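Trainee: Just need the structure, nothing else, for what follows:
(3 chains)
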Amino acid sequence: MKASHFACVYHDLSAHYGPRHWWPADSPFEVMVGAVLTQNTSWTNVERALQRLKGLGPLEAAYVATLPAAVLADALRPAGYFNVKTARLQALCRWVVEQGGMEALHGMETSSLRAALLSVHGVGPETADDIVLYAFGRSVFVIDAYTRRLFARLGLVRGDEDYEDLRARFEQALPQDPLLYNEYHALIVEHAKTTCRARPLCAGCVLRPQCAAGLSGIPSDSDGR
DNA sequence: TACCAGGAGAAAA
DNA sequence: TTTTCTCATGGT
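Mentor: Now for the predicted structure:
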């Protein structure tokens, strides 16, 4: 796979949707909470849970860590899997407190931060990378179901690759730029959410012959299901 | 009514 | 080591 494929898809998505300014959160800690709550869940349900959680008190790790499980679970109910997510969010909050708070985490080197996050109960590769990229602004590319689906339909990946393998392929093909990774992933998510199909690939794109053969642009997220 | 959605951990094979 | 199961709400 050529690096130009990745750049081309990015430019086309960017030209079509414009800047996304992601992730929707008021603080790095809110990004962390959202990353856990959005596991296998649509964002609209996560927003409801976040509002209920904010209604309980300050959205800070030290505070959320003190909430009784039953209270936390009730707040998280709209996001689904509320018992599972209660345990995961509690584990994450306690870990943040143990590390010395968000300021201490900001001082950690990227690979150490990522490895530490992965050691927290309920934080897998995608959740860790959401946090590392969107809460801490580090250049780590997030591989989610949307990314696999879109790039598999473009024929650029199989889609069933190991998470770390796929992440390495994106990071090797793109400049190490957290703002680019932020925008790119946000654009992929936006593309997945929209029903618009008018997405011609840019002039000179190496994918154009493939597009002419049937793709006629970046495939809709709902294509092929 | 049935199916699906931005995952992760535990249990089973 | 790999595969399967479980967790749960809300939208279509």
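Trainee: Could you pull up the residues touching A:Ser111?
Mentor: Going by CB atoms under 8 Å, 6 or more residues apart in numbering, A:Ser111 touches no other residue. No exception for glycine: its C-beta is placed from N, CA and C like everyone else's.
Trainee: ok, now how distant is the residue of chain A found nearest DNA strand B from DNA strand C?
Mentor: The nearest approach of chain A to DNA strand B comes at A:Gly124, 2.3 Å away (CB to the nearest atom of the strand). To DNA strand C, A:Gly124 is 12 Å away according to CB to the nearest atom of the strand, to the nearest Å.
Trainee: Figure out how far stretch A:175-191 is from the centre of its chain.
Mentor: For stretch A:175-191, the separation from the chain centroid amounts to 9 Å (computed by CA atoms, centre = their mean, to the nearest Å).
Trainee: So it, near DNA strand B or not?
Mentor: Yes: interface with DNA strand B: stretch A:175-191 contributes A:Val189 (CB under 7 Å from any atom of the strand).
Trainee: got the buried residues for that stretch?
Mentor: A:178, A:180-191 (16 or more other CB atoms under 10 Å).
Trainee: what do you get for stretch A:72-91?
Mentor: Buried residues in stretch A:72-91, counted by 16+ other CB under 10 Å: A:72-73, A:75-80, A:82, A:85-86, A:88-91.
Trainee: sorry, back to before: how many residues are close by the nearest residue to the residue of chain A closest to DNA strand B once chain neighbours are set aside?
Mentor: Once flanking residues are discounted, A:Gly124 sits nearest to A:Leu118: 7.3 Å by CB to CB, 6 or more residues apart in numbering. Neighbour count for A:Leu118, taken as other CB atoms under 10 Å: 14.
Trainee: so what's A:Leu118 up against?
Mentor: A:124-125, A:128.
Trainee: What of A:Asp129?
Mentor: By CB under 8 Å, 6+ apart, the residues touching A:Asp129 are A:114, A:140-143, A:167.
Trainee: Please identify which helix or strand holds it.
Mentor: helix A:125-130 (DSSP states H and E).
Trainee: need the contacts of A:Leu118 in a markdown table with distance to A:Ala104, can you?
Mentor: Shown next, in a markdown table, are the contacts of A:Leu118 (distance: CB to CB, whole Å):
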| residue | distance to A:Ala104 |
| --- | --- |
| A:Gly124 | 23 |
| A:Pro125 | 23 |
| A:Ala128 | 17 |
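Trainee: Please pick the buried ones from the residues you listed.
Mentor: A:125, A:128.
Trainee: Switch the contacts of A:Leu118 over to JSON lines; also include distance to A:Ala135 and pLDDT.
Mentor: Below are the contacts of A:Leu118 laid out as JSON lines (distance: CB to CB, whole Å; pLDDT from 0 to 100):
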{"residue": "A:Gly124", "distance to A:Ala135": "16", "pLDDT": "96"}
{"residue": "A:Pro125", "distance to A:Ala135": "15", "pLDDT": "96"}
{"residue": "A:Ala128", "distance to A:Ala135": "10", "pLDDT": "97"}
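Trainee: Go ahead and report the secondary structure state at the residue nearest to A:Trp23 when sequence neighbours are not counted.
Mentor: Of all residues not flanking A:Trp23 in the chain, A:Tyr134 sits nearest, at 4.0 Å (CB to CB, 6+ apart). Of the three states, A:Tyr134 takes helix under DSSP: H, G, I helix; E, B strand; the rest coil.
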